[in-house]
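Asks: sequence and predicted structure below; questions after.
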Amino acid sequence: MALFSGLSEKLNHIFSKLKNRGKLTELEIRTAMREVRIALLEADVNIAVVKDFINKVSERAVGQEILKSLSPTQQVIKIVNEELISLMGSQNSKLTVAPNPPTVIMMAGLQGAGKTTLVGKLGMMLKKQGKKPMFIACDVYRPAAINQLKIVGEKAGCFVFEKGQGKPVKIAKEGVDYAKSYGYDTVIIDTAGRLQIDEDLMQELEDIKKAVNPSEILLVVDAMTGQVAVEVADTFNKRLEVTGLVLTKLDGDTRGGATLSMKAVTGKPIKFCSVGEKLGDIEPFYPDRMANRILGMGDVLTLIEKAQEAVTEEEAKKLEKKFRENSFTLDDFLSQFETMNKMGGIKNIVSMLPGMGINSAKMKINEDSVDESKMLKMKAIIQSMTKKERDNPQIINSSRKNRIANGSGTTVQDVNKVLKQFEQTKQMMKQLKNGKRFPF
Amino acid sequence: MGLFSKLKSVLKKTRDGIANKLNDLFAKNKLGEEFYEELEDILISSDVSVATTMEIVDEIKETAIKEKIKDKDYVINLLKQELKDTISYADPLTVKKPAIIMIVGVNGVGKTTSIGKLANKFVKEKNSVTICAGDTFRAAASDQLAVWADRAKVRIIKSDEGADSSAVVFDAISSCKAKKTDVLIVDTAGRLHVKANLMEELKKMDRVIKREYPEANFYKFIVLDATTGQNAESQVKLFNEAIGLDGIILTKLDGTAKGGFIISLSYELEIPVVYVGTGEQIDDIEDFDAEEFIEAIF
């Protein structure tokens, strides 16, 4: 789950510095952009791509848009976010199907990018979709590459067409003919890893392409790739006109800036992400999700995990039922807050929320909603209510409020505040129930 | 900080040097912001980290202004020299026999290929060599290694896919002890450094080797792919934390990637680059040459 989270932390940090400001000056934007630049470079986004990106964003930010805005920081984040999303393109994990079967999918990439493993993953995915895929072993150079593909094919339940260490172009052609005769509707061609500057081997790929006319040419790239990603993607794309990119090894802690670089330079969609060593470990690429991650969706996933640890399944089911029946009471409200304490207290939770970043301790968060001592107060107030009042807060009139305030050592205003927060929470839960996004 | 105090002392020594005076005389090109930005870009484009790059270039700039150096080439050469010093080590690592070398790294960096090349190199240096197929996870990994063993004409100890890698190592050690083998090279499965369970498995192999073969000189080399970006740092750190590393093998330097992360790494950890991989042939392995490496960046 470490995709881009490093970059996200950094940008959050940058923007948290800006959060308490009023209007942004040109100088401030420049400072912010310098930080954005560093964060992107540290994430391995190519330096030329970064320059381009920063120029675009600054141009938009310094203009009227930002100065007219009521919340300049929000505006900057929005612009950076939009530009990032537009850079990464739209979601597109569909594989083009040839009008006349078989559909030919060809792999290409540097050595060690993970092509052979990916062939297995794609094969298994296609099988699940009801296709009948077959593999062709065209990596005749790397020792035991054919054996590896055969083992992978066996695991995925896909037939592997191989002709030993023959000529890759000929093998590819024969393989496709074989698929035609034996009713395989999809053919995936594994090719040898090669450097983009290896003229002979690049020519070989062009020849294979010419011979089998693939519907998809997927460039497989290691997500950990550095600055050279641009050059690699550009060369492969120019020689082969790739149809899509696939990112591998995204289950590591790489920030994956190469993704942005390659997308920027080729304009081709990133179709899949490979996230593990098992054949099922393949996912579509969601650019918006990725950009959101970069730009302050925070550590929501960690938060969800923690919530899952703190709330037992039984408790969660009970709560869910209450939402459904609209019988969420002040008791439930209180236990909700107690759950939050289990999750490490409100400060900890807030620090994981989007936009708060890592250094929320330094930030002035809305005191009312965060201060832990105020939560104790709230607890006292709710516990000073009768069972009837807690189940039906609407019966709490002014004389009841006075009694509750006295009982909890607070004021009527405090009681009102708690009741208001309760109502707000109820509203929030309703939204959640209606399938809207959690209003973080 | 060592680098910069060194840098300053070098500059002081040459302050009144003839070269400097000549520079002043022929200083046509002013060292403006653009020049330093260009220097930054060169380093960043080679995957030197941003922090390291800015630190080096800022310091060079400051010193150049203070010392009134106006010659571009002079500044560049100074920078090169310092970078070379950063990644060089006084006594280069030499493998002493009997040796056991464990090769680790993330997936797809070229561990198996490097082992083939290393085995060949040690054979050429008149050593008896055995390789151990410790990657029992990846499909056909031991087949791949067997091809290399055949090419290098060395013995290979392997077992079935899915077997316990520590058990294979155990067998290999027993065999090498009996045959008095000079060098045993152990392959391991590629693993992402963030996967705790796989790192535990590696620690177990490490323990088994230490326990079973204490008389051997034990070297642990991490293989890094030159095309990798800043993640290389995380790889080295976590593998080093897990088992302690003795050296780096930098592969795929025959491409256009420069592997500049080595420079940033040298600031934090003292793990020397020992060998570099420069192609797919069995002889395509060389001892690391700091000068060549830095020249390739500029």
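Replies: Yes, it's here. Since we're looking at a predicted model, the values are computed, not measured.

Asks: per the record, what domains does the chain have?
Replies: In the absence of a named chain, chain A is used. A:5-88, A:103-294, A:300-433 (automatic domain parsing).

Asks: my bad, chain B
Replies: B:2-87, B:99-297.

Asks: any idea which of those domains has the lowest pLDDT on average?
Replies: Per-stretch mean pLDDT for these is lowest at domain B:2-87 (a mean of 74).

Asks: please list all residues in contact with the residue in the stretch 1-150 of chain B that chain A sits nearest to.
Replies: Of all residues in the stretch 1-150 of chain B, B:Gly108 sits closest to chain A, at 2.8 Å by Cβ to the nearest Cβ. All C-beta atoms are positioned from the backbone trio N, CA, C, and that covers glycine. By Cβ atoms under 8 Å, 6 or more residues apart in numbering or on different chains, the contact list for B:Gly108 reads A:Gln111, A:Gly112, A:Ala113, A:Gly114, A:Asp222, A:Lys249, B:Gly190, B:Asp225.

Asks: contacting residues for the closest residue to chain B within the stretch 201-350 of chain A?
Replies: When scored by Cβ to the nearest Cβ, the stretch 201-350 of chain A has A:Gly226 as its residue closest to chain B, at 2.7 Å. When contacts are counted by Cβ under 8 Å, 6+ apart, A:Gly226 touches A:Asp44, A:Ala258, B:Asp47, B:Thr227, B:Thr228, B:Gly229, B:Gln230, B:Ala232, B:Ala257, B:Phe261.

Asks: which residue sits closest to it, ignoring its sequence neighbours?
Replies: B:Gly229 (2.7 Å; Cβ to Cβ, 6 or more residues apart in numbering or on different chains).

Asks: my guess is the one you found contacts A:Asn46, does it?
Replies: No: in this structure B:Gly229 lies outside contact range of A:Asn46 using Cβ atoms under 8 Å: 9.6 Å.

Asks: what do these two both touch?
Replies: Joint contacts of B:Gly229 and A:Asn46 (Cβ under 8 Å, 6+ apart) are A:Gln227, A:Ala229, A:Gly257, A:Ala258.

Asks: host element of the residue of the stretch 1-150 of chain B closest to chain A?
Replies: Element membership of B:Gly108, judged by DSSP states H and E, is empty: it is in no helix or strand.

Asks: what about it, distance to A:Gly109?
Replies: Distance, B:Gly108 to A:Gly109, by Cβ to Cβ, to the nearest Å: 10 Å.

Asks: cool, A:Lys132 as well?
Replies: 25 Å.

Asks: same question for B:Leu265.
Replies: In terms of Cβ to Cβ, B:Leu265 sits 26 Å off from A:Gly109.

Asks: A:Asn392 now?
Replies: 65 Å.

Asks: which one of those two has more residues nearby?
Replies: A:Gly109 (27 against 12; other Cβ atoms under 10 Å in any protein chain shown).

Asks: with adjacent residues omitted, what lies nearest to the more buried one?
Replies: Leaving aside its chain neighbours, A:Gly109 sits nearest to A:Val220 (3.8 Å; criterion: Cβ to Cβ, 6+ apart).

Asks: can you tell me the helix or strand for the residue of the stretch 51-200 of chain A at minimum distance from chain B?
Replies: For the stretch 51-200 of chain A and chain B, the shortest gap (Cβ to the nearest Cβ) falls at A:Gly112, measuring 2.8 Å. Assessed by DSSP H and E, A:Gly112 sits outside every helix and strand.

Asks: number of residues surrounding it?
Replies: 25.

Asks: surely it is in contact with B:Leu224?
Replies: No: counting by Cβ under 8 Å, A:Gly112 does not reach B:Leu224; the two are 11.5 Å apart.
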